[in-house]
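Undergrad: model the following, please.
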Amino acid sequence: MTVDARTRASSRCYRLDRLVRADEPAAVCAAVSGRLLGVVATLEPDARLTLTMSARRLGAVTILLHASGVGPEFGDDLAWCCRRIHVWAEESDPPQIPRPARLYEIVAATEERERWPVRADAAPDPAPDPCASGSLATLDPPPTTPHGMWPAYLPGSGMMLLEALRDTGGVLRLHLAPAGPVEARMLEDVVSRAEGWSDVAALERIGTPVRMRALVGAPGDRRLPGRLAVALHAAANGLLIRPAAQDPERLWEGDADLLRGRAVPEAMAAALTRLPIAGPKTVVMGVRCVQPVLSDVPLADETPETPEALEASETPKVPEAPARGLRLGTAITPEGGRSPVRIAPGLLTRHVHVVGATGTGKSTLLRAVGHGVLSAAAAGAVGGRGAASAGGGMMVLDPHGSTVNAIIAEAPEEALGRITLVRLDDTDHPVRLNPFRRRDAEKVLEDVMSVLYEIFDPRHEGIIGPRFERIFRQIMAAQRALLGDDATLTLVPAMLADRDSLQGLTRALAKTDPVLAREIRTELADNRSSDFSDILAWVSCKFDRLVRSRVMREVFGSGRETLDVAGIIDTGGILLVDLATPAVGEDTSRFVAMTLLMEAEMALTSRRRTGRGARGRHPGRGPAGRPEAECDPFLVVVDEVQRVQCDSLSRLLAEGRKFGAGVVLAHQHLGQLSPSMLGALEANAATLLAFRSSGVDAARAHDRLGTWTGGPLTRLPSLRAATTLASPHGQTQAFTLQVDHNERVAALIDDDEACDRIDAVEAARVRWNGFDRARPLNAEDLEKARKRLLQRASDGPAEEDKKGSGSSSSGTSFLDEWLANRRASGADGSASTAS
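TA: Here you go, the predicted structure:
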């Protein structure tokens, strides 16, 4: 096969598809040109590259690179030259760029001057008239460099030349080929003759020489526009643009014979082989331009913790993913491979903070967490372990229900029996809650007040205050006296209906709890001021917003409790709560969520005190003496945490580790959080996953990440997060986490299986809630309870008066009767013994 046939057989064409923006376009342009010329210098002697930039006037610019005589690896070499800057697409049928009618060549001005040497003592001749001679002298600016100096590279991004081509409809073509040893030595001789070997800069400009023919033209039979010539001269000084002297057609096609002996210094070739680089500013340039995709930051090497360990360590090792733990996604290793990223179970008690804009992958990450917990539960069920040891359990509060549905759909079949599902908007099968049932009333009242503050007066501006607290405590204490454990918030407006209701209440409490009766009478019942009605309305209206909701009446109104949060925690169960915020309203969903958090906190602290569940262990150790990092915590997962900022959640962040609880919180931006919640998160959440965020949030997240080198967080792609994980020694160095949960579960579960899982859990929920047929309590129930209490009060004290008065009906004192009874019982005992 001849050389020409082999060249045609190995010919490839690449089209510049799009530019990627760069922060320092001039420096990047120089680097790309240098790499491309370096590749040219390594090609086979008969290989050639032809770079063509052509444009329609004020239209699109086409940039083509024809590679002749190259191997199959050239495409990879080209991608390396332009990595993260240009995207090339191989063309099977490239467009043919016609030769301009007037073709000009760009050469070094030194070559032209050497034809007419100038004496040092002679004045230069006046410039010839371009119109008379037909030369292109007017296209070249006056020489600004010493006589004989070869073109030097001038910094630039290449955008000026691109814009000039687009404005004029011009075309630029460069033929490039490797220079042979003889051509390189000849070029050195020419440069040494012109500039002298003492000029180190001249030798640097020679660099690695290549063969080059540079051609330029304009559409039609027009002279070269001045603005295009100026743009070319801005690439390098010492250039000359002249009409093509040789066969224009062969020159345009890049005939190999016309390239021989045309070696030029690397600096001159780099100045013209200037692929455009787009900067941060968006302008019309004729070529597609995109924002860069940030490169992933790999997992960091493990560094010794002490100077002694540093001296003893030979080779840092990349920390391996723990064998057990929640799988969050993958990350690139320093070697370039991908490794799964897990967080050890016990380290979850140092809490996880997830922040990022909507649609960036937060919910997908929460699904991955849920899938990990359920997979651990399934492994325990298959392995025959007890429920409490098969995973630590989890509670998920989801404001919309989509995350809960996905967790169920993706759950292993063996773990479905561990799931308890709550649908807040299903009033036909409601869950019953009562935080006052079988709990410390004072502690519950304190927590309920914090919930009311968060809903009605988050900034503590006086919407509710000390007097509201006092009245609320009095009314709830009276309710407990009337209804016992069935006391409920939904009856507060009924108890404050009018003065007669309050007076009847105080009469019923007068003998069983006179102190409470006196407080209610003084505060409300006997209040004859003009603001009495305003006080009742002020307190009642806060609860009216809640009890007007049918969901609130069904959930809290019966005084029953069908959801055993403490039992779920102690057995390592999975509680999934669909708060259905759009259907039930913001206040209702928030109140229910905060109540569940309050009950979870009380259950966790209770099992610590009583030794139930997986706690009651030595500090730093888990059940069966396992290290704490290997112990399964109970996870509290809250999506859109800004809706449920309450004291219980803050206390879990501050103290949850003592109780074996881990908190995973997700939200969109830091401005949604109260100062106390934000402080608790930043102080206690050792694991941070920052998805694409706003500029303000990105700055704060960058401070917490510490070592992030992956570029601005405002430009992160979806499903990627700047991440630092809790580690046994503190925190890992920041790296890029890729959340791959969608791909993993798609390969494991089909749509039919997902629907079957959801149907099974839904059926279990309906059966479980269907056993309770209690109705919400109302004012009639209060009146019946008041009458019962009044009856007990009228009956009970009469008997006590008979037994407990200071003297009996016979006139003897209580002490005399007691002594007489004592002596009688002693005599009976003696007689019994004697017999």
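
Undergrad: go ahead and confirm Leu597 touches Arg651.
TA: No: at 9.6 Å, Leu597 does not count as touching Arg651 under the criterion of Cβ atoms under 8 Å. (Glycine included, C-beta is placed from N, CA and C.)

Undergrad: what residues sit buried inside the helix or strand hosting His371?
TA: Using DSSP states H and E, His371 sits in helix 362-383. Neighbour-count burial for helix 362-383, counted by 16 or more other Cβ atoms under 10 Å, picks out 362-381.

Undergrad: also stretch 451-468?
TA: 451-456, 464, 468.

Undergrad: gap between the residue nearest in space to the middle of the chain and Arg775?
TA: For the chain, Phe691 is the residue whose C-alpha lies nearest the centre (Cα atoms, centre = their mean; 2.2 Å). Noted for Phe691: a distance of 46 Å to Arg775, by Cβ to Cβ, to the nearest Å.

Undergrad: show the pLDDT at Ala834.
TA: On pLDDT, Ala834 comes in at 37.

Undergrad: typed the wrong thing, it's Glu743
TA: Listed pLDDT for Glu743 reads 92.

Undergrad: can you tell me how far it is from Leu719?
TA: 10 Å.

Undergrad: and the two? which has more neighbours close in?
TA: Leu719 (20 against 11; other Cβ atoms under 10 Å).

Undergrad: contacts only, for the closest residue in space to that one that isn't next to it in sequence.
TA: Nearest residue to Leu719, sequence neighbours excluded (Cβ to Cβ, 6 or more residues apart in numbering): Gly361, at 4.2 Å. With contact set as Cβ atoms under 8 Å, 6 or more residues apart in numbering, Gly361 has these partners: 691, 718-721, 739.

Undergrad: which of the residues you listed sit farthest apart?
TA: Ser718 and Ala721 (9.9 Å; Cβ to Cβ).

Undergrad: bridging across strands, which residues link to Thr687?
TA: Counting by DSSP bridges, Thr687 is bridged to Val352.

Undergrad: burial measure for it, as a count.
TA: 22.

Undergrad: same question for Gly662.
TA: 28.

Undergrad: in a strand, Met53, correct?
TA: Yes: the assignment for Met53, made by DSSP: H, G, I helix; E, B strand; the rest coil, places it in a strand.

Undergrad: surely it meets Ile97?
TA: No: with contact defined as Cβ under 8 Å, Met53 does not count as touching Ile97 (9.4 Å).

Undergrad: joint contacts of those two?
TA: The contact lists of Met53 and Ile97 share 62, 171, 173, where a contact means Cβ under 8 Å, 6+ apart.

Undergrad: helix or strand: which one has the first one?
TA: Think Thr62. Residue-wise, Thr62 maps onto strand 61-68 under DSSP H and E.

Undergrad: what lines up beside that strand in the sheet?
TA: Partners of strand 61-68 in its sheet, by DSSP bridges: strand 12-20 (antiparallel), strand 48-55 (antiparallel).

Undergrad: buried stuff in the very next helix or strand once past it?
TA: For strand 61-68, the following helix or strand on the C-terminal side (DSSP H and E) is helix 74-81. Neighbour-count burial for helix 74-81 flags 74, 77-78, 81 (criterion: 16+ other Cβ under 10 Å).

Undergrad: redo those residues as a markdown table? Include distance to Asp23 and pLDDT.
TA: What follows is the buried residues of helix 74-81, written out as a markdown table (distance: Cβ to Cβ, whole Å; pLDDT from 0 to 100):
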| residue | distance to Asp23 | pLDDT |
| --- | --- | --- |
| Phe74 | 29 | 95 |
| Asp77 | 25 | 96 |
| Leu78 | 23 | 96 |
| Cys81 | 19 | 96 |
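
Undergrad: ok, Arg773 to Leu433 distance?
TA: For Arg773 relative to Leu433 (Cβ to Cβ), the value is 16 Å.

Undergrad: those two - which one has more neighbours?
TA: Leu433 (23 against 6).

Undergrad: isn't the more buried one right next to Leu563, touching?
TA: Yes: judged on Cβ under 8 Å, Leu433 makes contact with Leu563 at a distance of 6.1 Å.

Undergrad: tell me the contacts of the closest residue to Leu326 other than its chain neighbours?
TA: In space, Leu326 comes closest to Gly372 once its chain neighbours are excluded; the distance is 3.9 Å by Cβ to Cβ, 6+ apart. Contacts for Gly372 (Cβ under 8 Å, 6+ apart) come out as 325-327.

Undergrad: at 10 Å instead, please
TA: Residues near Gly372 by Cβ atoms under 10 Å, 6 or more residues apart in numbering: 325-328, 342-343, 345, 391, 394, 635, 741.

Undergrad: just the strands in the stretch 551-700 of the chain please.
TA: With strands called from DSSP state E, counting those that start in this stretch, the stretch 551-700 of the chain shows them at 574-578, 634-639, 661-667, 687-690.

Undergrad: nearest to Gly279, out of the ones you listed?
TA: Once the strands of the stretch 551-700 of the chain are compared by Cβ to Cβ, strand 687-690 is nearest, at 26.6 Å.

Undergrad: what helices or strands is the closest one leaning on?
TA: Packing partners of strand 687-690 (3 or more Cβ pairs under 10 Å, 6 or more residues apart in numbering; DSSP states H and E): strand 326-332, strand 352-355, strand 661-667, helix 695-705, strand 720-724, strand 726-727.

Undergrad: let's see 7 Å
TA: strand 352-355, helix 695-705, strand 720-724 (3 or more Cβ pairs under 7 Å, 6 or more residues apart in numbering; DSSP states H and E).

Undergrad: for Leu483, grab phi and psi.
TA: phi -110, psi -10 (degrees, to the nearest 10).

Undergrad: how far away is the closest residue to it other than its chain neighbours from Arg765?
TA: Leaving aside its sequence neighbours, Leu483 sits nearest to Ala785 (Cβ to Cβ, 6+ apart; 5.5 Å). The gap separating Ala785 from Arg765 is 32 Å, by Cβ to Cβ.

Undergrad: also Asn527?
TA: 47 Å.

Undergrad: looking at those two, which is more packed in?
TA: Taking neighbours as other Cβ under 10 Å, Asn527 and Arg765 compare with Arg765 leading, 19 against 16.

Undergrad: residues contacting the nearest residue to Leu154 once chain neighbours are set aside?
TA: Closest residue in space to Leu154, ignoring its immediate chain neighbours: Ala236 at 5.6 Å, by Cβ to Cβ, 6+ apart. Shown in contact with Ala236 (Cβ atoms under 7 Å, 6 or more residues apart in numbering): 151-154, 268, 271.

Undergrad: who's the closest spatial neighbour of Val39, skipping the chain neighbours?
TA: Asp77 is the one closest to Val39 (Cβ to Cβ, 6+ apart), at 5.0 Å.

Undergrad: hmm, that neighbour is touching Ala41, no?
TA: No: the criterion here is Cβ atoms under 7 Å, and Asp77 misses it with Ala41 at 11.8 Å.

Undergrad: any idea which helix or strand of the chain has the worst average confidence?
TA: Within the chain, judged by mean pLDDT, DSSP states H and E, the helix or strand with the poorest mean is helix 130-133; its value is a mean of 38.

Undergrad: just the CA trace of stretch 402-412, in PDB.
TA: Extracted in PDB, the C-alpha atoms of stretch 402-412 (Å, rounded to 0.1, in the frame of the first residue of the first chain):
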ATOM      1  CA  SER A 402     -43.100  10.100  48.300                       C
ATOM      2  CA  THR A 403     -40.000   9.100  50.200                       C
ATOM      3  CA  VAL A 404     -42.000   6.700  52.400                       C
ATOM      4  CA  ASN A 405     -43.500   5.100  49.400                       C
ATOM      5  CA  ALA A 406     -40.100   4.600  47.800                       C
ATOM      6  CA  ILE A 407     -38.600   3.100  50.900                       C
ATOM      7  CA  ILE A 408     -41.500   0.500  51.100                       C
ATOM      8  CA  ALA A 409     -41.300  -0.200  47.400                       C
ATOM      9  CA  GLU A 410     -37.500  -0.800  47.600                       C
ATOM     10  CA  ALA A 411     -37.600  -2.800  50.900                       C
ATOM     11  CA  PRO A 412     -36.400  -6.400  51.000                       C
END
